[in-house]
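Okay, here's the prediction I keep looking at, along with the sequence it came from:
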Amino acid sequence: MLKLKNINKKLGVFALSEISIEITEGEYYVLLGRSGSGKTQLLELIAGLSIPDSGEVWINNQDVTRKKIQERPVGLVFQDYAIFPNMTVFGNIAYPLHSGKLKKRDIDHKVKKIAEEMNISNLLDRFTQNLSGGELQRVALARTLVNSPRLLLLDEPMASIDASLKDDIKRTLRQLNRNGLTIIHVTHDYREAVSLAGRVGVIHNGHVIQEGPPDMVFSKPVNKFVARYAGIRNFFRVRFRREGESWKALCDGDLVFRISGSSFPEEGLMILKSDDIKISNSEPSAGSDNCIKGVIKEINPSEYGMEVMVDAGETFFVDLPVNDFRLLQVKELSPVWMTFPKEAAIALPGAG
Amino acid sequence: MKNNLFSWILLILSSLVLLFILAPLAGMFLNTGSSEFIETVRDKEVQESIWLTLWVSFAATFFFAFAAIPLAWLLARKNFPLKGVVQGIIDLPVVLPHTAAGIAVLGFISRDGFLGKIADSLGLSLINNPAGIALAMAFVSVPFLINSARDGFSTVPERLEKAALTLGASRSRVFFTISLPLAWRSIMTGFVMMFARGMSEFGAVVIVAYHPMIAPVLIYERFSSFGLKYARPASALFIIVALAVFILLRLISLKKKEIYISPDAEA
């Protein structure tokens, strides 16, 4: 469907470099990266708003690198939707149809049909100034989809809408994808990637640094940057040491982790997902691979429930559901024991 | 107390500036007798010169807009070599002494000049002709239109134009359906400014065409030939007409529905 071959593009001091991505028909691909990582520029390259310095863009087995924007079967929804303020909702949605040779009646029909699908039929006569973020987004989607593009590019589609509307729009996007539309969705929020993507690419400083199904990318991040994206906050710089058949990771502050795996370099980074760590208020009986004693430094509410910061020479972040936290009956400065299986400790050999 | 004193100083200084503008105008109107004024209103020569001033300035603005507006768009949107120099050239007429501007235009449109030769071959003389007056007016006033339209185009978010392109619109369609309507207010403001500036021009026009007489030249002629008293009613009348036209155009250009452009959200 879409092939990017060794794309290079210099943009001031920043550059997209050696980007190669292949996306198959009907795929939902999420490109994850911080603002300024080059995601929007990459979308603009695919849409034809800019041309790469080198490399090729192929869509449907055709080299479109030098093809005009208007001739690419691609629809792009901008981050802030780019709704035309001088037109009504109807005028906005009908805008792409006037470029063809459609009769007024056909235009009318097409606009009404897509407006119905997007649930905005009641807005058609309105000007766009007073529409909510969610409504504007539906208008933008309708306007892009009315010409039936083969490939839909979404630039941070959830960035400017209320949390309550996000599920709604996710449902719509899933439905569109299920109907066969290929989607490339750019975001900085890994949760969107987890809930929507068939495949994820992580872009950083103009490079795609990891690609794969979301569970793979987030359970086996290739470096600290990707790990951070997976919501991981427990990073430890360690030295790996072999002891007989098993391996240990030694942290600066006298901490020793038992880890699983068969070969490690001398040094590297070890990460722990904060929901893989269990906490108890008394010393657990032996049985866990890793048991570390610490003192609670801070307790903060988080989106998962409670986030507990434990000082054990190094700081650990532990996420607990609210009920588990209540049962624990601890407060700041309480002593606690953290346990986790050795499989939970993920080593990033040599990563920084 | 200190704050209060500061407010008073501000108020007094501001009032002085306003008074400085209004006092001479008020004096002129107060010193114009009603019988003289009515006589001037009925004076055919005065009527014709005011009419000539209005329509020639309007025509100059209207025709120059066709080239000035695309140039303004280019300046707002494109980066090209020597763009700063081009911007400087556009502002040049504003800083030139207007008589010098008149001399320059005259050289350009006289029979030996570039444009003059072309006009001459068509059997037309631009000197002492409304077309020559229009050129002189445009020379000193077109920067107002270009700069205002350029500022207007700059406030149109570029991503709206990009979005239109991705929706299959040609570049010209994007210009006419997105850029132009969204910059319309600034363009109209520039239009009114250019028209008003052209209408009030004396220095450049008097060198290109003493006759037919536009209102500022007529006022000058009455003053130099007959004195202040005789020039006053014509001046008063011209100011009233200019103000009325100015207000009318402002109202027309403001009447268009205000379009809200959201601030650029691009990171």
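Structure received.

got a pLDDT number for residue 89?
If you meant another chain, say so; for now it's chain A. Confidence at residue A:89, expressed as pLDDT, is 95.

The chain in question should be chain B.
Here the pLDDT value assigned to residue B:89 is 95.

SS state for it?
Using DSSP: H, G, I helix; E, B strand; the rest coil, the secondary structure recorded for residue B:89 is helix.

neighbours of it, just the number please.
Neighbourhood size, residue B:89 [other CB atoms under 10 Å in any protein chain shown]: 11. Backbone N, C-alpha and C define where each C-beta goes, glycine included.

Look up how far residue A:77 lies from it.
Distance, residue B:89 to residue A:77, by CB to CB, to the nearest Å: 41 Å.

Residue A:107 now?
In this structure, residue A:107 lies at 21 Å from residue A:77, with CB to CB as the measure.

So the two - more neighbours on which side?
Per other CB under 10 Å, whichever of residue A:107 and residue A:77 has more neighbours is residue A:77, with 23 against 18.

The more buried one against residue A:156, yeah?
No: in terms of CB atoms under 8 Å, residue A:77 does not count as a neighbour of residue A:156; the distance is 9.5 Å.

residues making contact with stretch B:24-37?
Outside of stretch B:24-37, the residues that reach it under the criterion CB atoms under 8 Å, 6 or more residues apart in numbering or on different chains are B:232-233, B:235-237, B:239.

Now do the buried residues in the longest helix seen in chain A.
What stands out as the longest helix in chain A, according to DSSP state H, is helix A:163-178. Within helix A:163-178, the residues that qualify as buried by neighbour count (16 or more other CB atoms under 10 Å in any protein chain shown) are A:165-166, A:169, A:172-173, A:176-177.

Wasn't residue A:158 part of a helix?
No: counting by three-state DSSP, residue A:158 is not found in a helix; it is coil.

where along chain B do the helices fall?
Using DSSP H, the helices of chain B run over B:2-30, B:34-42, B:44-77, B:83-95, B:98-109, B:114-121, B:130-155, B:158-166, B:171-174, B:180-182, B:184-199, B:203-208, B:215-226, B:228-255.

Which among those is found nearest to residue A:161?
Relative to residue A:161, the nearest member of these by CB to CB is helix B:158-166, separated by 17.7 Å.

burial of the residue of the stretch 251-352 of chain A found nearest chain B, as a residue count?
Using CB to the nearest CB, the single residue of the stretch 251-352 of chain A nearest to chain B is residue A:303, 23.5 Å away. For residue A:303, the number of neighbouring residues by other CB under 10 Å comes to 8.

Can you check the pLDDT for it?
We have a pLDDT of 75 for residue A:303.

ok so, going back, following the longest helix of chain A, which helix or strand comes up?
Beyond helix A:163-178 on the C-terminal side, the first helix or strand identified by DSSP states H and E is strand A:182-187.

so that next one versus helix A:163-178, what angle?
Inter-element angle recorded for strand A:182-187 and helix A:163-178: 150 degrees (by axes from the mean of the first three to the mean of the last three CA atoms, to 10 degrees).

Name the residues that touch strand A:182-187?
Outside strand A:182-187, the residues that touch it by CB under 8 Å, 6+ apart are A:1-2, A:23-33, A:39-40, A:42-43, A:46, A:150-159, A:173, A:176-177, A:192-193, A:196-197.

Over to stretch B:212-229?
In this structure, residues lying in contact with stretch B:212-229 by CB under 8 Å, 6+ apart are B:45-46, B:48-50, B:52-53, B:56, B:128, B:130, B:133, B:199-202, B:205-206, B:209-210, B:230-231, B:234-235, B:238.

Tell me which helix or strand comes right after the longest strand anywhere in chain A.
The longest strand of chain A (DSSP state E) is strand A:290-302. The C-terminal neighbour of strand A:290-302 among helices and strands, as given by DSSP H and E, is strand A:305-312.

Contact residues of the stretch 101-250 of chain B facing chain A?
B:157, B:159-160, B:162-170, B:173, B:177-178, B:181-182 (CB under 8 Å from any CB of the partner chain).

Buried ones among those?
Members of those that pass the buried threshold by neighbour count (16+ other CB under 10 Å) are listed as B:157, B:159-160, B:162-169, B:173, B:177-178, B:181-182.

Can you give me the distance of the residue nearest to residue B:162 when sequence neighbours are not counted to residue A:153?
With sequence-adjacent residues excluded and distances taken as CB to CB, 6 or more residues apart in numbering or on different chains, residue B:162 is closest to residue A:49, at 5.3 Å. With distances taken as CB to CB, residue A:49 is found 10 Å from residue A:153.

Find residues that contact each of those two.
residue A:76.

More neighbours: which of these two?
When neighbours are counted by other CB under 10 Å, residue A:153 comes out ahead of the other of residue A:49 and residue A:153, with 25 against 19.

What residues does the more buried one make contact with?
Under the criterion of CB under 8 Å, 6+ apart, the contact partners of residue A:153 comprise A:43, A:46-47, A:74-77, A:183-184, A:186.

if you set the cut-off to 7 Å instead, what comes out?
A:43, A:46-47, A:74-76, A:184 (CB atoms under 7 Å, 6 or more residues apart in numbering or on different chains).

from what I can see residue A:241 touches residue A:250, true?
Yes: proximity of residue A:241 to residue A:250 meets the contact threshold set by CB atoms under 7 Å, at 6.0 Å.

Compare the two (neighbour count), which wins?
Comparing residue A:241 with residue A:250 by neighbour count (other CB under 10 Å), the higher total belongs to residue A:250, at 16 against 13.

angle of the host helix or strand of that one against strand A:305-312?
Residue A:250 is located in strand A:246-251, with elements delineated by DSSP H and E. Relative orientation of strand A:246-251 versus strand A:305-312 (the same axes, to 10 degrees): 80 degrees.

Could you point out the helix or strand that follows strand A:246-251?
Taking DSSP H and E as the definition, the helix or strand that follows strand A:246-251 towards the C-terminus is strand A:256-259.

Tell me where the model's unsure across the stretch 201-350 of chain A.
A:253, A:349-350 (pLDDT under 70).

Spatially, which residue comes closest to the residue of it found nearest chain B, not counting chain neighbours?
Closest to chain B within the stretch 201-350 of chain A is residue A:203: 14.1 Å, counting by CB to the nearest CB. When the adjacent residues along the chain are set aside, residue A:203 lies closest to residue A:33, with 3.8 Å between them (CB to CB, 6+ apart).

can you give me phi and psi for the one you found?
The main-chain torsion angles of residue A:33 are listed as degrees, to the nearest 10 and equal phi -170, psi 160.

Check what pLDDT it gets.
Per-residue confidence for residue A:33 comes out at a pLDDT of 87.

Verify the stated contact: it with residue A:39.
Yes: counting by CB under 7 Å, residue A:33 does reach residue A:39; the two are 4.8 Å apart.
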